[in-house]
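>>> task: produce atomic coordinates for the following.
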Amino acid sequence: MQQVLAAVKTGANKIEIREFPMPEIPPDAALLKMEVAGICGTDVKMYKEPLKGGPVIMGHENIGYIAKAGREFTARKGFKEGDLVFVEHYVGCMKCEWCHKGEYRHCENTDWRYNPDGIRYGYTSADKPPHLWGGFAQYAYLPWNSVVHKVPDGVTPELAGLVTPMANGIEWSLFDGGVGYDDVVLIQGPGQQGLSQTVICKQAGASKIIVTGTSKDAARLEVAKALGADHVINVQTEDPLARIMELTGGRGVDVVLDCTAGAGTFPILLGVEALKRKGGVMVMQGEMGDFPNFPIGKVTLKWITLKSARGHSYRACELALAQLASRRFPLEKVTTHKFGLKDVDLAIRSVGNAGVPDVIHASLMPWL
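Okay, here's the model as predicted:
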């Protein structure tokens, strides 16, 4: 029987190369030959955590070619063998209220944290047949309820690997933050999410985009400027609030987008102060932990709207693919490095600034 190679997380900061049997493909399923699995900050954080329910094939930003498609899968989804596709990491039940609303990202079937039977690419245990539930492998299994998007002609698999952070950027900055024409925006953190939101805010017509980072983000801040940021601030060498007020004539910003992935309370406190006097919006992502001194009084006095960023929608993914196909921005500056299957550990550490220097978005290519 043909075997499939995969990089499997077997513990905190531990990866093993293992073999899995090539799955049988029923009429309502398909097999994806992996081309690129993007690696992001979520992978860096997850890699450090102990296992929850068994070994895991990580990889939730998945691009590949349909290698085999059952008749019902093709009839239902419209994809055939040879198509280059992007697969969302959510695998909803397609029966609950959230799924019927098109918000399958909130479906209990995708909630791997609390549902032991939940399925989400890059998070579900490889012990669950047919095992191939992550992108750090030569192939991935696509059940009937997987969510698949066609990659537009002219978009390479490597560039398509940016769909997830770009879709998050659309969901969080446009749909949640309401960024639009002539808005002044503060983006905190120049990682994949922050850079994606820089592009989206520029596309939406923001009149001024300010991106903050630290000294280790020097290369990323330069990329932010190339992608449309009007100003960048190193929070370790400048007083960020004073600089923001200088750049906005003392008015403050309309929208704050926190892309620091739970870097503590500082970004939130800065965002509250940096928002305009009345009616600003702050979108927060990541897990901050306890925040006993949250400035709720100032938030209410300034009439700030707080929103939490949780994943992306189908429409955001489609718009992200269209943005990539437009070639309006030099997004190849974000896809900085390629790694093979045996180098998963190095790739993850590099995205976390602890391996190869100046990595922004890493492309894990199982066949490299």
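>>> which SS state does residue 322 fall under?
At residue 322 the chain is in helix, as set by DSSP: H, G, I helix; E, B strand; the rest coil.
>>> and the residue nearest to it when sequence neighbours are not counted, how far from residue 251?
Among residues not flanking residue 322 along the chain, residue 152 sits closest, at 7.2 Å (C-beta to C-beta, 6 or more residues apart in numbering). C-beta: built from backbone N, CA, C; applies to glycine. Taking C-beta to C-beta, to the nearest Å as the measure, residue 152 falls 39 Å from residue 251.
>>> could you do residue 215 as well?
For residue 215, the distance to residue 251 - C-beta to C-beta - is 28 Å.
>>> one more: residue 20?
Noted for residue 20: a distance of 57 Å to residue 251, by C-beta to C-beta.
>>> so for the two, which residue has more residues nearby?
residue 20 (20 against 12; other C-beta atoms under 10 Å).
>>> quick check: the more buried one vs residue 101, distance?
With distances taken as C-beta to C-beta, residue 20 is found 35 Å from residue 101.
>>> quick one: contacts for residue 6?
17, 18, 19, 20, 57, 126, 132, 134, 136, 137, 138, 341 (C-beta atoms under 8 Å, 6 or more residues apart in numbering).
>>> out of those residues, which end up buried?
18, 20, 57, 126, 132, 134, 136, 137, 138, 341 (16 or more other C-beta atoms under 10 Å).
>>> residue 85 belongs to a strand?
Yes - the assignment for residue 85 by three-state DSSP puts it in a strand.
>>> distance of it relative to residue 21?
23 Å.
>>> out of those two, which sits in the more crowded spot?
Neighbours were counted for residue 85 and for residue 21 using other C-beta under 10 Å; residue 85 has more, 21 against 13.
>>> quick one: the helices in the stretch 1-150 of the chain?
Secondary structure of the stretch 1-150 of the chain (DSSP state H, counting those that start in this stretch): helices at 41-48, 71-77, 97-100.
>>> which of those helices has the lowest average pLDDT?
Lowest mean pLDDT within those: helix 41-48, at a mean of 91.
>>> mind listing what's buried in that helix?
The neighbour-count check on helix 41-48 (16+ other C-beta under 10 Å) flags 41, 42, 43, 44, 46, 47 as buried.
>>> pLDDT value on residue 309, please?
At residue 309, pLDDT is 88.
>>> no, scratch that, I was asking about residue 53
Value for residue 53, per-residue pLDDT: 82.
>>> the residue lying closest to residue 87 once chain neighbours are set aside bridge partners, please.
Computed as C-beta to C-beta, 6+ apart, the closest residue to residue 87 that is not its neighbour in sequence is residue 62, at 4.7 Å. Assessed by DSSP bridges, residue 62 has beta-bridge partners residue 37, residue 87.
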